[in-house]
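A.B. asks: I would like to see how this sequence folds:
(chains A and B)
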Amino acid sequence: MRYRLEARARPAQAMVWLSPVLAAALSVIGISVLFAVLGRNPVQALDVLFIQPLETLDGLAELALKATPLLLCAIGIAIGCRAEVWNIGAEGQFTVGAIAGGGVALTFGGHDYWWLQPAMLLAGIGGGMAWAAIPALLKTKFNAHEILTTLMLTYVAIQLLGYVVHGPWKDPEGYSFPQTKQFAPDAMLPMLIDETRLHIGAMFALASVPLAALLLGRSMMGFRIRTVGAAPAAARYAGFSRNTVVWVCLLLSGGLAGLAGIFEVAGPDGQLTPVISPGYGFAAIIVAFLGRLNPFGILFSSLLMALLYLGGEGLQVSMQLPIAVTGTIQGMLLFFLLAADVFINYRVRRVPARAARALTHA
Amino acid sequence: MLTTRRTLLQASLALPAAGLLPRVAAAADPFKVGFIYVAPIGDAGWTFQHDLGRKALEASLGAAVKTTFVENVPEEGADAERVIRKLATEGHSLIYTTSFGFMEPTLKVAAKFPKVKFAHCTGYKRAANVSTYSARFYEGRYLTGLIAGRMTKSNVIGYVAAFPIPEVVQGINAVLLAARTVNPNVTIKVVFVSSWFDPGKERAAADTLISQGADVIMHHTDSSAVVQGGEEKGVWSFGYDSDMLRYGPKTNLTSVTMHWDDYYIDQTKAAMAGSWKSDDTWGGLKTGMVKLGPLNAAVPESVRAEVTAATAKIEAGTLLPFAGPIKDQAGAVKVAAGKSLSDGEILGMNWFAEGVQGKLG
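C.D. replies: Got it, this is the predicted structure:
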């Protein structure tokens, strides 16, 4: 007896809702088995992983703080993916946004200019857009694939950051360590909740969700984006310019990633250092697909991803589990979530033994 | 006994989530000490040595302390601050943050938790409840420079370095200056890999240096990749952080090793006794914070004797690695004959000595 996956005629509506439930159930079972094997209490582990980070106001604020850059980057990536424009380089756009916005903060901070923070945010967006404009140009003029160019430019961006913090912007009182001065207080983002680190960037991230949904679902540009992605031939026939869509997608996702970058350095960090992101731009690719490229789905998946980070730290602190276990659990959960989605478009068919033999011979 | 168990049981029944149980049980309190690590602990390297210190602390103070560590914490400010704060809120009274990048996050958390004590490794900013500690790694480097100068045939030493920061620059200059005392023709080629822990990049840099004629390689990064590369290519190597002889039994000449055990035990005892004060500790060969690992059988007796003599002199303070005359790459005199760099000048070192090839910043 054998089984095979068979494409469904149309996506199963029930599975659209059931697959996350299935994935959650499988994950809980998998995690429990893992902890039982390790000789730890699975209930306690699940509590530390999923419940404890959400028990305090501070925990919730940290969750939102962690989700903010993921959400902004993932929304941009998802819009591109709908048009089959694959921006793998959000990490680089994030970095250049942080450099550009941070540069404004370092140059004009400390004078209480009313326009300082808007200028920083615009510089962040502009930096990210400029960095994404390079692959857009290479794609539309020379047909260079954006997967390669956006990814490669990420490494260039990280070197650029290294250059400014080792070179011209190095804190003169910092014993030659690679870091800038701390930003002046007026260059630090206002906090949303006192005594936490949740800054105003979270509001922008949240607002990006309905705006992206409106753009994709209700606007002419969104229709073009979706058509170019789903049916390139039809889009051509309708006279939609593919180049325009490439430019719009890359600039939009670059701008959002750049905004996330300046939020991160002017929010919790307060200075530029050689490492300003633990890989938000790359993790956001997973977040985008986990949210099925839908803005509201991405809101949930970015929160889930953030929760996995926080819970993973909790496992280390409270249960003294090595980081490898955290990674295993994160991998397991993401695997089940993405794997369960297969059943939206496919069904499992049992193949009777005779037919299976015939199939192999055929 | 019975009462305790019953109380516990009642407590656990009263609470909705089963996971709350251990937090109630933790009420009998040993002194909690936290450690933040920048890399995975692994089998050798910077973080591994700090973890040896943590284990020594547990072995020494037994049930009186409970240690917690969090490994692979990104140096990116936002994450580090959250992890440090989590340790502080969960009742840790003393927290060691073991990488330079944790400096600002440590200070930010320390300001919010004035009763918790912090010790930050390799930084330069202190507060009433934040100490700093590090070691004169360059003293150990100086000894490896002596050996390297004697063992090299091509007179080219290859150096895989993480970042052009003073701590790294000190090591490179110390090796060059020591090697030139026994072999004036030595030069050092440096490759920066922009990461503390990236075995792939470290190995690639080592291969590049070997192909450019280096017959002795060393590293200021946290993995054993360079030593393994040396063993494969049959090139002498020096290890760093941990004793790395087992990664290069034939070619690893020795390692500069770090030992935080005594510091962690002393500081923790002081904190428990209430006599802890914020200060700066800069250990070295003399205090045993830096040591030279076992020497490879390939190191000749005469060289061993030189190393032993130099060690004694450094410990006695009669040999100062950064004593003049020292010229920089442009040939300008940085330290005049008869003078020596002050601790402050060593801490801010941002120039390469003449004979080092490679650019800073």
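
A.B. asks: who in the stretch 201-350 of chain B is up against chain A?
C.D. replies: Proximity of the stretch 201-350 of chain B to chain A, by CB under 8 Å from any CB of the partner chain, involves residues B:347-350. All C-beta atoms are positioned from the backbone trio N, CA, C, and that covers glycine.

A.B. asks: List the buried residues of stretch A:231-250.
C.D. replies: A:235, A:240, A:242, A:245-250 (16 or more other CB atoms under 10 Å in any protein chain shown).

A.B. asks: Only alpha carbons, please: show it as PDB.
C.D. replies: C-alpha atoms of stretch A:231-250 as PDB (Å, rounded to 0.1, in the frame of the first residue of the first chain):
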ATOM      1  CA  ALA A 231      -0.600  35.600 -14.900                       C
ATOM      2  CA  PRO A 232       2.300  37.400 -16.600                       C
ATOM      3  CA  ALA A 233       0.900  36.800 -20.100                       C
ATOM      4  CA  ALA A 234      -2.500  38.300 -19.100                       C
ATOM      5  CA  ALA A 235      -0.700  41.300 -17.500                       C
ATOM      6  CA  ARG A 236       1.200  41.900 -20.700                       C
ATOM      7  CA  TYR A 237      -2.000  41.600 -22.800                       C
ATOM      8  CA  ALA A 238      -3.700  44.100 -20.500                       C
ATOM      9  CA  GLY A 239      -0.800  46.500 -21.000                       C
ATOM     10  CA  PHE A 240       0.500  46.400 -17.400                       C
ATOM     11  CA  SER A 241       4.100  47.400 -17.300                       C
ATOM     12  CA  ARG A 242       6.200  44.700 -15.600                       C
ATOM     13  CA  ASN A 243       9.000  47.200 -15.100                       C
ATOM     14  CA  THR A 244       6.700  49.600 -13.200                       C
ATOM     15  CA  VAL A 245       5.600  46.700 -10.900                       C
ATOM     16  CA  VAL A 246       9.200  45.700 -10.300                       C
ATOM     17  CA  TRP A 247      10.100  49.300  -9.300                       C
ATOM     18  CA  VAL A 248       7.000  49.700  -7.100                       C
ATOM     19  CA  CYS A 249       7.600  46.400  -5.300                       C
ATOM     20  CA  LEU A 250      11.300  46.900  -4.600                       C
END
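
A.B. asks: what mean pLDDT does that stretch have?
C.D. replies: Averaging pLDDT along stretch A:231-250 yields 91.

A.B. asks: and what of stretch B:205-223?
C.D. replies: Mean predicted lDDT for stretch B:205-223 stands at 95.

A.B. asks: Distance from it to the middle of the chain?
C.D. replies: Relative to its parent chain, stretch B:205-223 has a centroid offset of 20 Å by CA atoms, centre = their mean, to the nearest Å.

A.B. asks: So what would you say the end-to-end distance of it is?
C.D. replies: The first and final residues of stretch B:205-223 sit 13 Å from each other (CA to CA, to the nearest Å).

A.B. asks: Dump the buried residues of stretch A:231-250 to TSV, plus secondary structure and distance to B:S278.
C.D. replies: Converted to TSV, the buried residues of stretch A:231-250 look like this (DSSP: H, G, I helix; E, B strand; the rest coil; distance: CB to CB, whole Å):
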residue	secondary structure	distance to B:S278
A:A235	helix	66
A:F240	coil	65
A:R242	helix	63
A:V245	helix	59
A:V246	helix	56
A:W247	helix	55
A:V248	helix	55
A:C249	helix	53
A:L250	helix	50
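
A.B. asks: which of the residues of the stretch 201-350 of chain B next to chain A are buried?
C.D. replies: Among these, those classed as buried by 16+ other CB under 10 Å are B:347-349.

A.B. asks: ok, the residues of the stretch 201-350 of chain B next to chain A vs A:G124, which is closest?
C.D. replies: Within those, the smallest distance to A:G124 is 30.3 Å, found for B:N350 (CB to CB).

A.B. asks: hang on, that closest one is in a helix, isn't it?
C.D. replies: No - assignment of B:N350 by DSSP: H, G, I helix; E, B strand; the rest coil gives coil, placing it outside any helix.

A.B. asks: Is it correct that it is in contact with A:S176?
C.D. replies: Yes - at 4.0 Å, B:N350 counts as touching A:S176 under the criterion of CB atoms under 8 Å.

A.B. asks: Where does pLDDT dip in the chain?
C.D. replies: By default, I'm working from chain A. The model of chain A has pLDDT under 70 over residues A:1, A:353-362.

A.B. asks: should've been chain B
C.D. replies: Flagging of chain B using pLDDT under 70 yields the residue ranges B:1-28, B:77, B:361.

A.B. asks: domain assignment for it?
C.D. replies: B:2-136+B:260-283, B:138-257+B:290-357 (automatic domain parsing).

A.B. asks: so how far is the first residue of the longest one from its last?
C.D. replies: The reference is to domain B:138-257+B:290-357. End-to-end distance for domain B:138-257+B:290-357: 19 Å, by CA to CA.

A.B. asks: That domain: how far from the chain's middle?
C.D. replies: The answer for domain B:138-257+B:290-357 is 15 Å, by CA atoms, centre = their mean.

A.B. asks: How about the first one?
C.D. replies: Taking CA atoms, centre = their mean, one finds domain B:2-136+B:260-283 lying 18 Å from the centre of the chain it belongs to.

A.B. asks: who touches A:F240 in this structure?
C.D. replies: Neighbour list for A:F240: A:224, A:227-228 [criterion: CB atoms under 8 Å, 6 or more residues apart in numbering or on different chains].

A.B. asks: Likewise for B:S340?
C.D. replies: For B:S340, the contacting residues are B:320, B:322-324, by CB under 8 Å, 6+ apart.

A.B. asks: same check, this time on A:A24
C.D. replies: Counting by CB under 8 Å, 6+ apart, A:A24 makes contact with A:F336.

A.B. asks: Within the helices and strands, which one has it?
C.D. replies: Per DSSP states H and E: A:A24 is located in helix A:13-38.

A.B. asks: could you point out which element follows that helix?
C.D. replies: Downstream of helix A:13-38, the first helix or strand assigned by DSSP H and E is helix A:42-46.

A.B. asks: Good, we can wrap up now.
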